[in-house]
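Novice: What shape does this take:
(4 chains)
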Protein chains: 2
Amino acid sequence: MYTNGRAQEPSARETVYAKLKEQILNLELAPGTALSEKESSLVLGVSRTPVRESFVRLAQEGLVQVLPQRGTFVSLIDPALVEEARFMREHLERAVVRLACAHFPDAHLHALEDNLALQLKSIEREDDRRLFELDEAYHRILFDGCGKLNTWRAIGQMNVHLNRSRMLRLVADRHWQHLYEQHDTIFRAVKAGDADRAERVMQEHLLLGVRDLAHLMDKYPHYFISGGDGKP
Amino acid sequence: MYTNGRAQEPSARETVYAKLKEQILNLELAPGTALSEKESSLVLGVSRTPVRESFVRLAQEGLVQVLPQRGTFVSLIDPALVEEARFMREHLERAVVRLACAHFPDAHLHALEDNLALQLKSIEREDDRRLFELDEAYHRILFDGCGKLNTWRAIGQMNVHLNRSRMLRLVADRHWQHLYEQHDTIFRAVKAGDADRAERVMQEHLLLGVRDLAHLMDKYPHYFISGGDGKP
DNA sequence: CCTACCATACTTGTATGGTAGTGTGGTAGG
DNA sequence: CCTACCACACTACCATACAAGTATGGTAGG
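Specialist: Next up, the predicted model:
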């Protein structure tokens, strides 16, 4: 019994799905890019079936758009979705951070603290991708500590759209220090149980994510809906 | 050109997906029920492929659980998921109804009014399924009128779990009049722009959906996680 | 030169066969 | 009677073949 019972090797579908999703979120597969079941299957070394099933999943998340008998395309960024993702996060995270101020497990508090330390390291190294991951993890810990992990997962499906625009912004603008300070302030407010302060900073923090969206739409018009037709 | 250009006949996958999802939400396919690609394909008169792809979609929504090489099962109702769905709706719908009080299009206001009239009709006819649909439509109109339709859709993925427990409750308990009165009160508060009142009633309204959850878990233990093992 | 048509090379949708892993019931052995 | 084993039926996973719709480039006709 040397193969651990829980350590199932991931299915082809899962690996393909994860790979494609990562590439879309990283903008390695730019919005509007044409995909094809056959081509992806060749590139990834599997048959069309797992690729196709990944497309189904990605389509349900709104990351790709499948046009029958015509093709599959990486979805253009929809500004409405970005804004609504911010809207959802604003109201849900404000509520969660208030909960956290009332009661938050020590283990999760330590996790936040460790996370913040790693954020500093990433800023020193100018490792933006890593900082991005840590940012996600930070907020996840907040939800987890309040027993609202499923809520975080539900947000996730909208969040991918917000994250694509944030990734776009990451290239040009670098405001890491500000981001860290907000995270740190929220952490200390939670620790001190200062709900009003935590909620206020959280709201500001989430506004940061959509700042300059209009500027981005101007700079990369063909990445957005009704900016270009998407097929260059 | 008698076949309308927009009226694409739905794909097999779409019809299979819709059918299965409806049956799961109606509890015609009870939580814990074993499914199988082959059996479903025979019943629905299609091949295994569209069935399989429907399973993938349903699995992503958490409505079924696929265990490789073992089987596919209708998910048990997770009380944590139900509660978090309520949590999400509470905070998002409170925010939305406040927006609605500040500004709400006349067309949507009329739609709410019509919807309420139909609710009354459904209550007279004791048509619970129809009332359930109208309830969903009512809240959807609220989000739509505030330009937050995508947010409603995102809620939808959590909402299915809440709705299954509500459907379970519908069988035994019938509190339709109360539900209608709350809808009507919210409508009038929106019309009058009374945000505080609207928000308060909305919060109460959403609490109604999870009342007696413990009672339901007691009555149908094998429908819930850790109530029974799910495979009777 | 311009237009209409059509062969062709794509695309996704569906069906089916083979593979590997899993649960189960019957059976041989203690 | 109880236990260990094993053949078998069943599952989902993946690969592949076929079908049907779509965009495109070349060509024949005006």
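Novice: how's chain A carved up into domains?
Specialist: Residue ranges for each domain of chain A read A:12-75, A:79-219, as given by automatic domain parsing.
Novice: how long is the shortest one end to end?
Specialist: Translated: domain A:12-75. 23 Å (C-alpha to C-alpha, to the nearest Å).
Novice: so does that domain get close to DNA strand D?
Specialist: Yes: counting by C-beta under 7 Å from any atom of the strand, contacts between domain A:12-75 and DNA strand D involve A:12-13, A:46-50, A:53, A:69-70. Yep, even glycine has a C-beta here, placed from its N, CA and C like the rest.
Novice: avg pLDDT for that domain?
Specialist: On average, the pLDDT along domain A:12-75 is 97.
Novice: Equivalent analysis for stretch A:209-226, please.
Specialist: Rounded mean pLDDT across stretch A:209-226 is 89.
Novice: Could you write out the alpha-carbon coordinates of it in PDB?
Specialist: Provided in PDB are the C-alpha atoms of stretch A:209-226 (Å, rounded to 0.1, in the frame of the first residue of the first chain):
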ATOM      1  CA  GLY A 209      -8.800  46.500  -7.600                       C
ATOM      2  CA  VAL A 210     -10.900  48.300 -10.100                       C
ATOM      3  CA  ARG A 211      -9.200  51.700 -10.100                       C
ATOM      4  CA  ASP A 212      -8.000  52.700 -13.500                       C
ATOM      5  CA  LEU A 213     -10.300  50.100 -15.200                       C
ATOM      6  CA  ALA A 214     -11.300  52.800 -17.800                       C
ATOM      7  CA  HIS A 215      -7.600  53.400 -18.400                       C
ATOM      8  CA  LEU A 216      -7.000  49.700 -19.000                       C
ATOM      9  CA  MET A 217     -10.000  49.500 -21.400                       C
ATOM     10  CA  ASP A 218      -8.400  52.400 -23.300                       C
ATOM     11  CA  LYS A 219      -5.000  50.800 -23.400                       C
ATOM     12  CA  TYR A 220      -6.100  47.300 -24.300                       C
ATOM     13  CA  PRO A 221      -9.400  47.900 -26.100                       C
ATOM     14  CA  HIS A 222      -9.500  44.600 -27.900                       C
ATOM     15  CA  TYR A 223      -9.400  42.700 -24.600                       C
ATOM     16  CA  PHE A 224     -12.700  44.100 -23.500                       C
ATOM     17  CA  ILE A 225     -16.300  43.600 -24.700                       C
ATOM     18  CA  SER A 226     -17.400  46.300 -27.100                       C
END
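Novice: picking up where we left off before, let's have the domains of chain A in TSV, adding distance to DNA strand C.
Specialist: Putting these into TSV (distance: least, C-beta to the nearest atom of the strand, whole Å) gives the following:
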stretch	distance to DNA strand C
domain A:12-75	3
domain A:79-219	20
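Novice: will you turn these into JSON lines that also has distance to B:H110 and mean neighbour count?
Specialist: Converted to JSON lines, the domains of chain A look like this (distance: least, C-beta to C-beta, whole Å; neighbours: other C-beta atoms under 10 Å in any protein chain shown):
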{"stretch": "domain A:12-75", "distance to B:H110": "30", "mean neighbour count": "17"}
{"stretch": "domain A:79-219", "distance to B:H110": "24", "mean neighbour count": "18"}
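Novice: if we compare those domains, which one ends up closest to B:L35?
Specialist: domain A:12-75 (16.7 Å; C-beta to C-beta).
Novice: before we move on, which element is A:G32 in?
Specialist: Secondary structure assignment for A:G32, by DSSP states H and E: no helix or strand.
Novice: does A:R130 count as helix, strand or coil?
Specialist: helix (DSSP: H, G, I helix; E, B strand; the rest coil).
Novice: and what of A:T72?
Specialist: Applying three-state DSSP: A:T72 is strand.
Novice: Write out the residues of chain A neighbouring DNA strand D.
Specialist: Within chain A, the positions adjacent to DNA strand D are A:11-13, A:46-50, A:53, A:69-70 by C-beta under 7 Å from any atom of the strand.
Novice: Restricting to the residues you listed, which residues neighbour chain B?
Specialist: A:11, A:13, A:53 (C-beta under 8 Å from any C-beta of the partner chain).
Novice: got CSV for the residues you listed, with secondary structure too?
Specialist: CSV is the format used below for those (three-state DSSP):
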residue, secondary structure
A:S11, coil
A:R13, helix
A:E53, helix
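Novice: quick check, nearest of these to B:H222?
Specialist: Comparing these against B:H222 with C-beta to C-beta places A:S11 closest, at 29.3 Å.
Novice: quick one: contacts for that closest one?
Specialist: Residues near A:S11 by C-beta atoms under 8 Å, 6 or more residues apart in numbering or on different chains: A:50, B:68.
Novice: what's the spacing between it and A:A107?
Specialist: The gap separating A:S11 from A:A107 is 32 Å, by C-beta to C-beta, to the nearest Å.
Novice: again, but for A:M217
Specialist: Applying C-beta to C-beta to A:M217 and A:A107 gives a distance of 42 Å.
Novice: ok, now A:N26?
Specialist: 31 Å.
Novice: which stretches of chain A form helices?
Specialist: Along chain A, counting by DSSP state H, helices occupy A:12-25, A:37-44, A:48-60, A:79-102, A:106-124, A:128-145, A:149-172, A:176-192, A:195-208, A:213-219.
Novice: average pLDDT across the fourth one?
Specialist: I take that to be helix A:79-102. On average, the pLDDT along helix A:79-102 is 97.
Novice: Okay, the nearest residue to A:F55 once chain neighbours are set aside and B:A85: tell me how far apart.
Specialist: Distances taken as C-beta to C-beta, 6 or more residues apart in numbering or on different chains put A:T72 closest to A:F55, at 5.7 Å, once the chain neighbours are dropped. Per C-beta to C-beta, A:T72 is found 31 Å from B:A85.
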